[in-house]
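Participant: everything below, folded, please.
(2 chains)
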Amino acid sequence: MNRRDSRASGRRQRLLAAGPAPLVLIVLAAAVGLLLCAYTNALSREGGDPTQIVYWAGVLLVVVPIAARVGMEDVSLRERFALVALFGLTLYAIKVVRDPFLFTFPDEPIHAYNADQTLLHHGLFNGNPVLAVTSGYPGLASATNALMSLTGMSAFGAGVILIGVARLLLVMALFVLFTRVSGSHRLAGLAVVIYAGSSNFLYWGVQYSYESLSLPLLVAVLAAFAEREAAGPRLARSWVVPIVLGTLAVVVTHHLTSYALVIVLVLLAVIYRLVRSPKPNPWPFAVFAAVLALGWMLIAAGNTVDYLSPVFSGAVKSVWNTIFGESKARTLFQSPSSEVVHETPFLARLITVAAVGLLLLGYLAGFREAWARRAKRPFVVLFCLGGAAFFATLGLRFAPDAWETGNRAAMYLFIGLAFVIAYAVLRLIRKGPRLRLRQAGVLAGIGIVVIGGAIAGWPWDSQLAQPTRITAAGTEIESEPIALAHWIGEQLPEGKFAAADADARMILAPGEAEAKTGDALAIKTILPETSLSSWELPSLRGNGLDYIVADRRRVATDPGRGSFFYVPGSEPDALLPLAAMHKFGERPLGRTYDSGNIVVFDLRDRP
Amino acid sequence: MKGHRDLKWICVAAIVAALVAVVVPWEVVRLPAALLLAIFLPGYAITAAAFGSQRLDPQRLAMLTLLCGLSLLCLGGLVLNYLPGGLRTVTWTLLLVVVILAAARGAAVRRRKPDRPGAGWTRPRLRGADVACLVLAVAAAAGALIFASTPLPASKAVGYTALWMLPAEDAPGAALEVGVISSEQGPRRYRLEVRVGEKGKPTRYHLALDPDQERVFEVPLEIPPGKKARVVASLYDSERPQELYRRVTTWSVESTSGEG
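Facilitator: Numbering: from 1, shown residues only, chains lettered A, B, ... in the order given. Presented below is the predicted three-dimensional model:
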């Protein structure tokens, strides 16, 4: 280095020393990113059509500076840990500012109803009319009830805080797990950031739902397990307490996560044996988790098999039919309710496909280095297998009834994938020629992976908020389904309703009343048809229902889009024929409530 | 717990947080107390009891605190579910305080030796530029929350009016309540017609509502005991007075209690 270079370097050092600390600058960037996301969502709620570029720029402003800093060599362990926590919480806050008034994601009202019921009855296992299986796994309702009871908050407020704490646990646990398995906190930080490329990280994984709590618990149990493995015999006993406590919590919170935990522990037991690890084989933990999960299913959640078996058998059948040409392959970027969905733009599709390509390249490039550690750390074998399995599940996205199974499995498998890819990223940003260029390339790649994952996991037209509560003449009004739910909560809290998917969910929460929907009692068939068969209304009455909610909006069958204001000219503005409403009046039934698109008929009010 | 400052502090904090959660009526004050009482203090106490004299680094301690705290909340409800009283503010508070105190006691017993003085957290040094950046960050985050929590006008969204009809519960005789709720984008004028029986003369009401306003009318029923009559309430928007806007109907029956 000549004298001029050394003077320039000295000036740079002095400037850096006088300016704010990098961590503080990154906090500022994350806050500004969040502000951009909130602003774009506010414009979208206003009914405008804001460009999503501003929104994605906000997301990148959170992701990229943190990715850049955690990837640097001379960053302390504590700073990296703080960055990872900031990363998890800020990305969670993006979801919170999207839906600040009430739960609108498909599963959220179902679980909010469970929490409300625990407060009403001072007990658990109160049943759920839309998704009965959720009542048998009361971990989320129990935790929400604690916060509701101690703060006086609603299920919405308590739920938002609880899932925020769970998200914090997830990123912390991933960091601890990756650090222990790799021996590098630099790699661990990068792997956590890459994990945000999982298709469910930004939205689905932080909805108020049992899996959003159980997955962080599972990862924390695995991290505790990895720590126990590395600890001496005296300390190893101490780690058993959190492992057992966490396993119990997972088992009472979510069925699939508890089975995933059993599978992971069984696989680890097998891997320990295969690699002849000198550490004690973890089979007792595998047996413990298996006995608990099975016992819980038999004793407290007997309907789990009825719930899960059609999902899995449908997925297997769908894959089979798609492979052998008996049914058409699913078109990518299309949700089941595609008739009311905007098409994903070409650029967004391109980013998603590029993200998958980058993930594959990263996996292939990082595999050898990660695999080399397999003898020392059996977890590495598990992660490598998980990464490979992730690409296998991508195939499920082409089968109409299996894509959701693949999408959900990705949340677990991506843990391994992120770990392996982090090795490739580390190799790319090693010191050497054109380091800046390589670093820029890596950051661009991480940005593409995170945005591509979000686009793959959540429909394009649902990325931004839609109007649920707006101002009119200086006061606030709510959308038709939400206003109906509030009216039911005030006037007919004891009523039992049959309703389309979105309406039924709003009746559960915030309405806090009972509603059935979908395939239950053929409600899905009865509501849109233009004439009634003789058995249909007696069947509804015979099953204890009091009211039927007829909704002309086709979007009412879509739980992700059906709770917003009706905006003519937008794609989800399609209406059912008037006959779909009039058929109930012709019977005749009493009309109790009429708000234009939504009419409530009283099944017992007859001449 | 002599000599274990952290354990002493969590016991005191648990009792204070419990009192705040039970006594204070304001959510804003109860929330931090509840988070301490429900997640952080029990999580820390259980971790301390499990690890005894072995010190954990902050990363592992933070993770374990959240893991144990959240796990306790998932499992605590199950315990309370089978105890008298069930899940209530008082029972949760008692359970959490008992767990925290018991775990802290267990930790003190397992640690044996008192803490060495001075082994604590070092406060990060913030310079002027850091403080300025943090203030800006807080302002931006607050701006985000304000944007998020402020409902905005949405001119393209279609407003609506709801009409409803239910039996009046507190009326002296048999009667129906007919309500009109405006969720329109601006003030509206309406005509409401309620007709009892096929040949009954409609009773007319004229009303004007601002957005988010509701008017409820009590409609007395004069129907012979035990007989049913169709009651129809029709709502007309003043902008299109001849066009039916909303309609609700019922087959009302005179109740015996309504006869007197």
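Participant: in what helix or strand does the residue in the stretch 1-150 of chain A that chain B sits nearest to lie?
Facilitator: Nearest residue of the stretch 1-150 of chain A to chain B, counting by C-beta to the nearest C-beta: A:Ser142, 2.6 Å away. Just so you know, the C-beta spots here come from the backbone N, C-alpha and C atoms, and that holds for glycine as well. In the assignment (DSSP states H and E), A:Ser142 maps to helix A:139-151.
Participant: any idea how far that helix is from the chain center?
Facilitator: On the basis of C-alpha atoms, centre = their mean, to the nearest Å, helix A:139-151 sits 20 Å off its chain's mean C-alpha point.
Participant: what is the mean pLDDT for it?
Facilitator: Mean pLDDT, computed over helix A:139-151, is 97.
Participant: C-alpha coordinates for that helix, CSV please?
Facilitator: Listed next in CSV are the C-alpha coordinates belonging to helix A:139-151 (Å, rounded to 0.1, in the frame of the first residue of the first chain):
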residue,chain,number,x,y,z
GLY,A,139,-51.5,-24.6,23.1
LEU,A,140,-52.1,-21.4,21.1
ALA,A,141,-55.5,-20.7,22.8
SER,A,142,-54.0,-21.3,26.2
ALA,A,143,-51.1,-18.9,25.6
THR,A,144,-53.4,-16.3,24.1
ASN,A,145,-55.8,-16.7,27.0
ALA,A,146,-53.0,-16.0,29.4
LEU,A,147,-52.2,-12.7,27.7
MET,A,148,-55.9,-11.8,27.3
SER,A,149,-56.6,-12.5,31.0
LEU,A,150,-53.5,-10.6,32.3
THR,A,151,-53.8,-7.6,30.0
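Participant: which SSE is immediately downstream of it?
Facilitator: That would be, after helix A:139-151 and using DSSP H and E, helix A:155-182.
Participant: for the helix or strand following that following helix, which helices and strands make contact with it?
Facilitator: Downstream of helix A:155-182, the first helix or strand assigned by DSSP H and E is helix A:185-195. Where contact means 3 or more C-beta pairs under 8 Å, 6 or more residues apart in numbering or on different chains; DSSP states H and E, helix A:185-195 is packed against helix A:52-70, helix A:77-98, helix A:155-182, helix A:403-428, helix A:435-457.
Participant: what comes up buried for stretch B:53-66?
Facilitator: B:Leu56, B:Gln59, B:Arg60, B:Leu61, B:Ala62, B:Met63, B:Leu64, B:Thr65, B:Leu66 (16 or more other C-beta atoms under 10 Å in any protein chain shown).
Participant: nope, stretch A:395-414 is what I meant
Facilitator: A:396-414.
Participant: and the strands in chain A, which stretches?
Facilitator: Secondary structure of chain A (DSSP state E): strands located at A:469-472, A:475-478, A:496-498, A:514-516, A:547-551, A:590-594, A:598-602.
Participant: the fourth one pairs with which strands, parallel or anti?
Facilitator: On the basis of DSSP bridges, the sheet neighbours of strand A:514-516 come out as strand A:496-498 (parallel).
Participant: now do the strand it pairs with: distance to the chain's middle.
Facilitator: 28 Å.
Participant: next one: stretch B:90-98
Facilitator: 21 Å.
Participant: what's the average pLDDT for it?
Facilitator: Per-residue scores along stretch B:90-98 average to 97.
Participant: what's the answer for stretch A:448-465, then?
Facilitator: Stretch A:448-465 comes out at a mean pLDDT of 92.
Participant: quick check: buried residues in that stretch?
Facilitator: A:448-465.
Participant: try stretch B:13-33
Facilitator: B:Ala13, B:Ala14, B:Ala17, B:Ala18, B:Val20, B:Ala21, B:Val22, B:Arg30, B:Leu31, B:Ala33.
Participant: nearest to A:Ala196 among these?
Facilitator: B:Leu31 (27.7 Å; C-beta to C-beta).
Participant: now do the same for the closest residue to chain A within the stretch 1-150 of chain B: its pLDDT.
Facilitator: For the stretch 1-150 of chain B, the residue closest to chain A is B:Gly77, as judged by C-beta to the nearest C-beta, at 2.6 Å. B:Gly77 carries a pLDDT value of 97.
Participant: if you count contacts, what does the helix or strand hosting it end up packed against?
Facilitator: Assigned by DSSP H and E, B:Gly77 belongs to helix B:58-81. Where contact means 3+ C-beta pairs under 8 Å, 6+ apart, helix B:58-81 is packed against helix A:77-98, helix A:139-151, helix A:155-182, helix A:210-230, helix A:233-253, helix B:41-51, helix B:89-111.
Participant: repeat that for 10 Å
Facilitator: helix A:77-98, helix A:108-121, helix A:139-151, helix A:155-182, helix A:210-230, helix A:233-253, helix B:41-51, helix B:89-111 (3 or more C-beta pairs under 10 Å, 6 or more residues apart in numbering or on different chains; DSSP states H and E).
Participant: any idea how far the nearest residue to B:Arg112 once chain neighbours are set aside is from A:Ala224?
Facilitator: Nearest residue to B:Arg112 in three dimensions, chain neighbours excluded: B:Ser53, at 6.6 Å (C-beta to C-beta, 6 or more residues apart in numbering or on different chains). Note on B:Ser53: its distance to A:Ala224, by C-beta to C-beta, to the nearest Å, is 19 Å.
Participant: just to revisit the earlier point, how about the helix holding A:Ser142: buried residues?
Facilitator: Buried residues in helix A:139-151 (16+ other C-beta under 10 Å): A:139-151.
Participant: nearest to B:Trp251, of those?
Facilitator: Nearest to B:Trp251 among those: A:Ala141, at 39.7 Å, using C-beta to C-beta.
Participant: list the residues that contact that closest one.
Facilitator: By C-beta atoms under 10 Å, 6 or more residues apart in numbering or on different chains, the residues touching A:Ala141 are A:111-119, A:124-126, A:128, A:134-135, A:148, A:155, A:210, A:253, B:74, B:77, B:87.
Participant: that's a strand at B:Tyr190, yeah?
Facilitator: Yes: judged by DSSP: H, G, I helix; E, B strand; the rest coil, B:Tyr190 forms part of a strand.
Participant: A:Gly366 against A:Arg427, yeah?
Facilitator: Yes: at 7.4 Å, A:Gly366 and A:Arg427 qualify as touching, with contact defined as C-beta atoms under 10 Å.
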